[in-house]
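Trainee: build the 3D model from these lines:
(one chain, ligands or ions: 1)
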Amino acid sequence: MKFGITSRLALVLALVGMLVSGFTGFYAFSVSRSLLVQSAQNELLTSTQVLARRLALTRQEISRNLLVLATHPAALASLQGKGPASEQQLVTLFELVMEANPAYFQVRLISVQDGGPEQVRVDRDSGTLLRVTGDDLQEKGHFPYVYETLKLPFGETYLSPITINHERGAHAGLERPTVQLATPVTDARGTVFGVLVINVDLNGVFAMLSADLPPDFQLFLANRNGDFLIHPDPTHAFGFDKGRRYLVQQEFPETADLVTGKATKAFAQSNQGAYADAPILLSFMGRPLDVASGEDRLILGLAQPLESVLRQADQLGAGILRIVALVCLGCLVLAIFLARAITRPINMMNMAIQRFSNDNHMLSLPVARQDEIGMLARSFQHMQNLIKRQVEDLQDSREELEHLAQHDMLTDLPNRRMFMERLEQAIARALRNDEEFALLFIDVDNFKQINDTLGHAAGDAVLRTVAQRLAGSTRKVDTVARLGGDEFVVLLDNFSQREQIAGFTEKLLAVLKTPMPFGENPIHVEFSIGISQFPENGATSEDIINNADRAMYKTKAGGRNGYRFTSDANTQPNLL
Ligand SMILES: Nc1nc2c(ncn2[C@@H]2O[C@H](COP(=O)(O)OP(=O)(O)OP(=O)(O)O)[C@@H](O)[C@H]2O)c(=O)[nH]1
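Mentor: Purely as a prediction, here's the structure:
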């Protein structure tokens, strides 16, 4: 299949349009997609910050509860050994606080005395609160949450590292993720008498933190070293406690600077390991703790399935695809219109050139345009005019040549060549129609003498006058020709009767002999005529003309100034 320039141009324009819209669509889609991912990560970070804030508020609330208990007179009284009444009062207080805060599984008052014995202790045990007494009370002076708290001024809180609780006799808190918060108990002068400690079950805190998160969100918490404390896979949390460490910086290398404290936030994406089937998007923040603590900072992270983010991108992509498809369709239509508009003048020119080369007809051209096509059209029109003029000149020259080839230049009568053609046609016609015709061979008598005595111009004038008189004396169907020199012939079509021919010849001689005007003295000229008839005097043109010529010579030989029929073999010519 052959495509024209219009189709090819339309195809190229449409392809360019489609490629541009396709690339634009793809670019818009990828930019929007990365913006969506970025925005989702920022939202995640905001949620992470909210969670961190809630964690801080929870810690502050525990500190407040610690302070309430530590400043209660019963606490100092108990530590100063002022009797079981104050201890019982303190137990009641501890129980009240623990009932109000289900995450507290142990509240203790520990003395500053040697070994740091527990003075008053209430444990949560299978849903009930239990006062631990007697030998079950232990010495805790060697635990950091005791000796580090003793160094603190009144009102400050110590936060222990977050660990799994292995302390003996911990009841409900045993083997659970735990953090201890403690504050010193002092008298009015600031002398430290003991420490008040609340053990918090972190599972409860974490459950509270996660409760308000969307169901597909996942919570991560890591300690100062990067060890996971909360992980969607529970086997990865507190790995250090079981002898195998799971570090946030290993699983998500983007968090390395958070662990070292060089950065406060980090974004990550993962499609490795457990996330191979469902890639996730993560935001982490590292938060230094605002209390004296065994932990420098905590690293809190939130994850969201990438799929839920990209679902919006997919909807956007489908929208962009529809727009691209529409734009492509528009490009196609526009390309067709544009290609037609561009190539219309070219096609016009093409048609005009074809038509001009076929039959020299000039179609209209876009000459009014002011662009390159207009220039081309004007040049072509100019060329057309030149060619047309040259063709017309050529035609005129050809016609002139043809006329010259068939006519005598002096008299403008048909010449021998044309006469012979006419004679052939007359024979064919006569044979076809069973007709007859006559041929008169006319020669000027003593013409040489006219030339010699009056000059060549006079001879020419005589020849021209003879030609005019012959043409004027014959019918349209007859043919008058000059064979050369002073010899003329007349073909009388459909002339058959001898009398008729003789009568015409005599009349013709009379006309011809009329003195011819030339200067002051008219020229007197006489003529000798030989007549042949078809078919009587020959079957061919040569025979007919030769016989007439012979008859003319016999007229001359017989005395000139007369005529003679070929058929009159031995008779005298008819002289005038
Ligand atoms: N002026 C003129 N003379 C011509 C032309 N063509 C031929 N002639 C002359 O015509 C003369 C023809 O002479 P001829 O027919 O031989 O002799 P004639 O004098 O006519 O004698 P007859 O035929 O015997 O009567 C010659 O002298 C030619 O030179 C021409 O075109 N113009």
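
Trainee: which helices and strands does the strand or helix carrying residue 183 pack with?
Mentor: Taking DSSP states H and E as the definition, one finds residue 183 inside strand 177-186. Contact partners of strand 177-186 among helices and strands, from 3 or more C-beta pairs under 8 Å, 6 or more residues apart in numbering; DSSP states H and E: helix 5-70, helix 73-79, helix 144-150, strand 158-159, strand 163-164, strand 192-201, helix 202-211. For glycine as for every other residue, the C-beta is placed from the backbone atoms N, C-alpha and C.

Trainee: mean confidence score for the fifth one?
Mentor: Looking back up the chat, that one is strand 163-164. Strand 163-164 carries an average pLDDT of 88.

Trainee: list the neighbouring strands of that strand plus their orientation.
Mentor: Using DSSP bridges, strand 163-164 pairs in its sheet with strand 177-186 (antiparallel).

Trainee: between strand 192-201 and the strand it pairs with, find me the angle.
Mentor: Between the direction of strand 177-186 and that of strand 192-201, the angle (axes from the mean of the first three to the mean of the last three C-alpha atoms, to 10 degrees) works out to 160 degrees.

Trainee: so who does residue 473 touch?
Mentor: Listed by C-beta atoms under 8 Å, 6 or more residues apart in numbering, the contact partners of residue 473 are 507, 508, 511.

Trainee: for these, which one is nearest the ligand?
Mentor: For the contacts of residue 473, the residue nearest the ligand by C-beta to the nearest ligand atom is residue 508; the value is 17.8 Å.

Trainee: quick one: the closest residue to residue 114 other than its chain neighbours and the ligand, what's the gap?
Mentor: Nearest residue to residue 114, sequence neighbours excluded (C-beta to C-beta, 6 or more residues apart in numbering): residue 141, at 7.3 Å. For residue 141, the distance to the ligand equals 162 Å [C-beta to the nearest ligand atom, to the nearest Å].

Trainee: OK, contacts around residue 475?
Mentor: The contact partners of residue 475, taken as C-beta under 8 Å, 6+ apart, are residue 493.

Trainee: and it, its phi and psi?
Mentor: With angles defined as degrees, to the nearest 10, residue 475 shows backbone torsions of phi -80, psi 170.

Trainee: how near is it to the ligand?
Mentor: For residue 475, the distance to the ligand (C-beta to the nearest ligand atom) stands at 27 Å.

Trainee: for the stretch 351-500 of the chain, which residues are neighbours of the ligand?
Mentor: Within the stretch 351-500 of the chain, the positions near the ligand by C-beta under 6 Å from any ligand atom are 410, 443-449, 451, 456, 459-460, 463, 485-486.

Trainee: for the buried ones among those, write the corresponding ChimeraX selection.
Mentor: Remark: buried members of those, expressed as a ChimeraX selection using 16 or more other C-beta atoms under 10 Å:
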select :443,444,445,446,447,451,459,463,486
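
Trainee: can you give me the pLDDT of the closest residue to residue 487 other than its chain neighbours?
Mentor: The shortest distance from residue 487 to any residue that is not its chain neighbour, by C-beta to C-beta, 6+ apart, is 5.2 Å, and that residue is residue 443. Among the per-residue scores, residue 443 holds a pLDDT of 98.

Trainee: ok, residue 443 - contacts?
Mentor: If a contact means C-beta under 8 Å, 6+ apart, then residue 443 has 486, 487, 488, 527, 528, 529, 552, 556 as its contacts.

Trainee: same thing but at 10 Å, please
Mentor: Under the criterion of C-beta atoms under 10 Å, 6 or more residues apart in numbering, the neighbours of residue 443 are 483, 485-489, 527-530, 549, 552-553, 555-556, 560.

Trainee: and residue 176, by the same measure?
Mentor: With contacts defined as C-beta under 10 Å, 6+ apart, the neighbours of residue 176 are 105, 164, 165, 170, 199, 200, 201, 202, 203, 204, 238.

Trainee: again, 6 Å this time
Mentor: Contacts for residue 176 were tallied using C-beta atoms under 6 Å, 6 or more residues apart in numbering; they are 165, 201, 203.

Trainee: please apply the same query to residue 493.
Mentor: By C-beta under 6 Å, 6+ apart, the residues touching residue 493 are 437, 477, 478.

Trainee: now do the closest residue to it other than its chain neighbours, the pLDDT please.
Mentor: Distance criterion C-beta to C-beta, 6+ apart; nearest residue to residue 493, sequence neighbours excluded, is residue 477 at 4.5 Å. The per-residue pLDDT reported for residue 477 equals 93.

Trainee: for the residue in the stretch 301-450 of the chain positioned nearest to the ligand, what is the enclosing helix or strand?
Mentor: The shortest separation between the stretch 301-450 of the chain and the ligand is 3.0 Å, found at residue 448 (distances taken as C-beta to the nearest ligand atom). Applying DSSP H and E as the criterion places residue 448 in helix 447-454.

Trainee: can you get me a residue count around residue 118?
Mentor: The burial metric for residue 118, expressed as a neighbour count using other C-beta atoms under 10 Å, is 23.

Trainee: how about the secondary structure of it?
Mentor: The three-state label for residue 118, taken from DSSP: H, G, I helix; E, B strand; the rest coil, comes out as strand.

Trainee: that one bridge partners, please.
Mentor: According to DSSP bridges, the residues that bridge with residue 118 are residue 110.

Trainee: for the protein, just list every one of the helices.
Mentor: Under the criterion DSSP state H, helices of the chain are mapped to 5-70, 73-79, 84-100, 144-150, 202-211, 248-251, 256-260, 306-359, 372-406, 416-433, 447-454, 456-473, 498-513, 541-557.

Trainee: measure the closest residue to the ligand within the stretch 401-550 of the chain to residue 450 for me?
Mentor: Residue of the stretch 401-550 of the chain nearest the ligand, by C-beta to the nearest ligand atom: residue 459 (2.4 Å). Note on residue 459: its distance to residue 450, by C-beta to C-beta, to the nearest Å, is 5 Å.

Trainee: one more: residue 552?
Mentor: Computed with C-beta to C-beta, the distance linking residue 552 and residue 450 is 18 Å.

Trainee: the ligand contacts on this protein?
Mentor: Those residues of the chain that sit near the ligand, judged by C-beta under 6 Å from any ligand atom, are 410, 443-449, 451, 456, 459-460, 463, 485-486, 556.

Trainee: okay, and the beta partners of the nearest residue in space to residue 414 that is not next to it in sequence?
Mentor: Counting by C-beta to C-beta, 6+ apart, residue 481 is the residue found nearest to residue 414 once chain neighbours are left out, at 4.3 Å. Counting by DSSP bridges, residue 481 is bridged to residue 489.
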